[in-house]
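> Below is the sequence, then the predicted model.
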Amino acid sequence: MERERVKKNKWKQLHLYYTYTGFYKFIFDGIKSAFLPTLLILGALFYVHYYVININEALIMLTERYSDFAIFSVFFISESILGLLPPDIFIAWTKNTDFPLLYLSLLAILSYLGGVVSYITGKAILYIPSVNKFMSEKMTKHIINMRKWGGLLIAVGALLPLPFAMASMAAGMIKFNFKNFLLFALLRLMRFVIYGFAIYQML
């Protein structure tokens, strides 16, 4: 009974902390800002698929024009450098490959490894004063949030349409425990399962 009360008080304190530090507002604002671009991308895919060219045929053409290695390489570089390209496009591409589930799994692993590269990059930046100063100014908000919320911010970046690479780099810049980072970042794999299922159903 006493243990349950202590546990309940702990969760209550955490809830108050996240409320006070603006974590819930951050999540809401992040999802809100990511919702429109994601909706536009999915809407564009839907429109092109039904009114311009069959997406499946277009993706097959893409597969014929570029090697799988080239596409995976572009994706990995994007996931390692601030997540420049939407993963949804690559997820849609996997549906028309010879081994869709295998390729989707490879995308998920590459995205995870991209986060690891971003973490290592963030840590390496600390040893280059001029670059560290520049990046610290550019990523002030992410660094502050990482110091406040730590692993939870990594988990959110991994699961939701928020900048996972930015969260990973910020984790490296504050020297967040690497083993804990690897554990929280595993949620990135789940994101590809969820989005893969949704996009496969749509196309």
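Yep, that arrived.

> Return the list of helices and strands in contact with the host helix or strand of Val116.
Following DSSP states H and E, the helix or strand that holds Val116 is helix 100-125. Helix 100-125 makes packing contacts with helix 68-80, helix 87-94, helix 129-138, helix 164-173, helix 178-185, helix 187-202 when contacts are defined by 3 or more C-beta pairs under 8 Å, 6 or more residues apart in numbering; DSSP states H and E. Where you see a C-beta, it was placed from the backbone N, CA and C, and this is true even at glycine.

> So which of these is the most surrounded?
Each of the helices and strands packed on helix 100-125 was given a mean neighbour count from mean count of other C-beta atoms under 10 Å, and the largest, a mean of 26, is that of helix 164-173.

> if I look at Ser111, how far off is Arg65?
Ser111 sits 23 Å away from Arg65, going by C-beta to C-beta, to the nearest Å.

> Out of the helices and strands packed on helix 100-125, which is closest to Tyr17?
Distances from Tyr17 to each of these were compared using C-beta to C-beta; the shortest belongs to helix 178-185, at 17.9 Å.

> which one is the most centrally placed residue in the chain nearest to, not counting chain neighbours?
Residue closest to the mean C-alpha point of the chain, counted by C-alpha atoms, centre = their mean, is Phe164 at 3.5 Å. Here the nearest residue to Phe164 in space, its sequence neighbours aside, is Gly157; by C-beta to C-beta, 6 or more residues apart in numbering that works out to 4.2 Å.

> Over to Phe192?
That would be Ala108: by C-beta to C-beta, 6+ apart, it lies 3.7 Å from Phe192.

> Same check on Ile27?
The shortest distance from Ile27 to any residue that is not its chain neighbour, by C-beta to C-beta, 6+ apart, is 6.3 Å, and that residue is Val156.
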